[in-house]
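Asker: Predicted coordinates and the sequence they were generated for:
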Amino acid sequence: MTAIQWSDGAPIYRQLKERVVAMMLDGVLKPGDALPSVRQVAAEYQLNPITVSRAYQELADEALVEKRRGLGMYVTEEASKKLLASERERFLTEEWPQVIERIQRLGLRADELLKSAQGGSR
């Protein structure tokens, strides 16, 4: 894992969970890959092991990782499909409406947005 800046806006276990989810979505962690041990993550980021365990348990509860007795936590085969579907749904229901509202508030037009997305000038 890379350096993490913890924010005060959300519990650290949730931020850690979101970081692992991002690594799965980005393909850094692939199905079958082992997660770093709780002790390793706790030591590396100076976290309480209970905090790391809580993040890992939420990932397991969502069937994104599975515990292999004596071996640790591993990314499940269906994790990326589940994540992609849930993250797309969350984007469309939570983030996209806010983006549309901001676009309308700023009076931006579709052609301006497309030109900007393609790297063109305004």
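Answerer: Yep, it's here. Numbers count the residues shown, from 1 in each chain.

Asker: What residues does residue 46 make contact with?
Answerer: Residues near residue 46 by CB atoms under 8 Å, 6 or more residues apart in numbering: none. For glycine as for every other residue, the C-beta is placed from the backbone atoms N, C-alpha and C.

Asker: Which element, helix or strand, includes it?
Answerer: Using DSSP states H and E, residue 46 is not contained in any helix or strand.

Asker: Residue 37: how many residues sit nearby?
Answerer: 14 (other CB atoms under 10 Å).

Asker: Next one: it from residue 56, what distance?
Answerer: Using CB to CB, to the nearest Å, one gets 10 Å for the distance from residue 37 to residue 56.

Asker: before we move on, what about residue 109?
Answerer: For residue 109, the distance to residue 56 - CB to CB - is 46 Å.

Asker: now swap in residue 111 and tell me
Answerer: Residue 111 is 46 Å from residue 56, by CB to CB.

Asker: Between the two, point out the one with more neighbours.
Answerer: residue 56 (24 against 8).

Asker: List the residues that contact that one.
Answerer: 35, 38, 65, 73.

Asker: For the first one, which residues are in contact?
Answerer: It stands for residue 35. 20, 29, 56, 59, 65, 72, 73, 74, 75.

Asker: Now tabulate those residues in JSON lines and tack on distance to residue 90 and pLDDT.
Answerer: Below are the contacts of residue 35 laid out as JSON lines (distance: CB to CB, whole Å; pLDDT from 0 to 100):
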{"residue": "20", "distance to residue 90": "16", "pLDDT": "94"}
{"residue": "29", "distance to residue 90": "19", "pLDDT": "95"}
{"residue": "56", "distance to residue 90": "21", "pLDDT": "97"}
{"residue": "59", "distance to residue 90": "16", "pLDDT": "96"}
{"residue": "65", "distance to residue 90": "19", "pLDDT": "97"}
{"residue": "72", "distance to residue 90": "28", "pLDDT": "93"}
{"residue": "73", "distance to residue 90": "23", "pLDDT": "96"}
{"residue": "74", "distance to residue 90": "24", "pLDDT": "97"}
{"residue": "75", "distance to residue 90": "20", "pLDDT": "97"}
